[in-house]
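predicted model follows, preceded by the sequence.
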Amino acid sequence: MRLVKEFAIATALTIAAGLSIASGHAHEVKIGDLEIIHPWSRQPLPAARVGAGFFVIANEGKTDDRLIKATAAISDNVQIHEMAMEDGVMKMKELTGGLVIPAGSTVELKPGSYHIMFMDLKERPVEGTAFEGTLTFEKAGTVSVTYEVEAPDAGMN
Ligand SMILES: [Cu+2]
């Protein structure tokens with residue numbers, strides 16, 4: 001049992017080291033008329049059981065599209081969230097109908113706004129590493145993305 005656990009930790013460290021990348025550079029991926037720019041995440045605080053993902057989606061096409069699903073290696077339960085006012089308090093809410101990306105516009109997922117929520121983390125993202133995920137759009141289809149992990153307070157001003 002002990003050996004199994006140590007092996008699992010060693011494997012996890014190897015994977016993390018292998019994915020280690022220089023942070024801070026822009027990276028983007030295209031699918032159809034959509035461009036997904038700089039997917040990133042934050043190392044969660046020690047007590048947190050969830051993580052968040054952010055990026056910019058540019059729709060250069062002439063028809064609206066909709067982000068309907070997201071997956072990630074670090075979570076089996078990935079949701080699309082918005083922040084909404086409820087009884088005078090800002091709260092996170094799942095966008096069960098997906099997130100519309102209007103034709104010819106840009107939608108930004110960022111702290112305090114729309115974001116991808118990685119529930120019940122299987123693996124905790126570590127600053128300076130990266131993890132894989134997918135995004136599925138109603139029209140453009142499914143695309144693979146790589147989230148670069150930044151510091152726990154990244155994006156807070
Ligand atoms: Cu959320």
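Received the coordinates, thanks. Residues are numbered from 1 along each chain as shown.

quick one, helices of the protein?
In the chain, the segments counted as helices under DSSP state H are 2-19.

near the ion, which residues of it show up?
81, 92, 117 (C-beta under 5 Å from the ion). Heads up, the C-betas are built off the backbone N, CA and C, glycines and all.

which of those residues are buried?
Neighbour counting by 16 or more other C-beta atoms under 10 Å classes 81, 117 among these as buried.

point out the least confident one among the residues of the chain next to the ion.
Lowest in pLDDT among those is residue 92, which has 94.

okay, and the beta partners of the nearest residue to it once chain neighbours are set aside?
Excluding the flanking residues, the one nearest residue 92 by C-beta to C-beta, 6 or more residues apart in numbering is residue 81, at 4.8 Å. Residues in a beta bridge with residue 81, per DSSP bridges, are residue 94, residue 115.

so residue 81 makes contact with residue 93?
Yes. The pair residue 81 and residue 93 passes the contact test of C-beta atoms under 8 Å, sitting 6.5 Å apart.

residues in contact with the residue nearest to residue 92?
52, 92, 93, 94, 95, 114, 115, 116, 117 (C-beta atoms under 8 Å, 6 or more residues apart in numbering).

I'd guessed the fifth one sits against residue 83; true?
Going back to what we said before, that points to residue 95. No. Contact status for residue 95 versus residue 83: not in contact, 10.7 Å apart, counting by C-beta under 8 Å.

what's the overlap in contacts for the two?
Counting by C-beta under 8 Å, 6+ apart, the residues touching both residue 95 and residue 83 are residue 114.

which non-adjacent residue is nearest the residue nearest the centre of the chain?
Centroid-nearest residue in the chain, with C-alpha atoms, centre = their mean: residue 53, separated by 2.6 Å. In space, residue 53 comes closest to residue 116 once its chain neighbours are excluded; the distance is 3.5 Å by C-beta to C-beta, 6+ apart.

per-residue pLDDT, that neighbour?
Value listed for residue 116 in the pLDDT field: 98.

list the contacts for it?
52, 53, 54, 70, 72, 78, 79, 80, 81, 109, 133.

hmm, try it at 7 Å
Contacts of residue 116 were listed using C-beta atoms under 7 Å, 6 or more residues apart in numbering, and they are 52, 53, 70, 78, 80, 109.

going by distance to the ion, which of the residues you listed wins?
residue 52 (6.1 Å; C-beta to the ion).

where does this protein dip in pLDDT?
Along the chain, segments meeting pLDDT under 70 span 1-26, 157.
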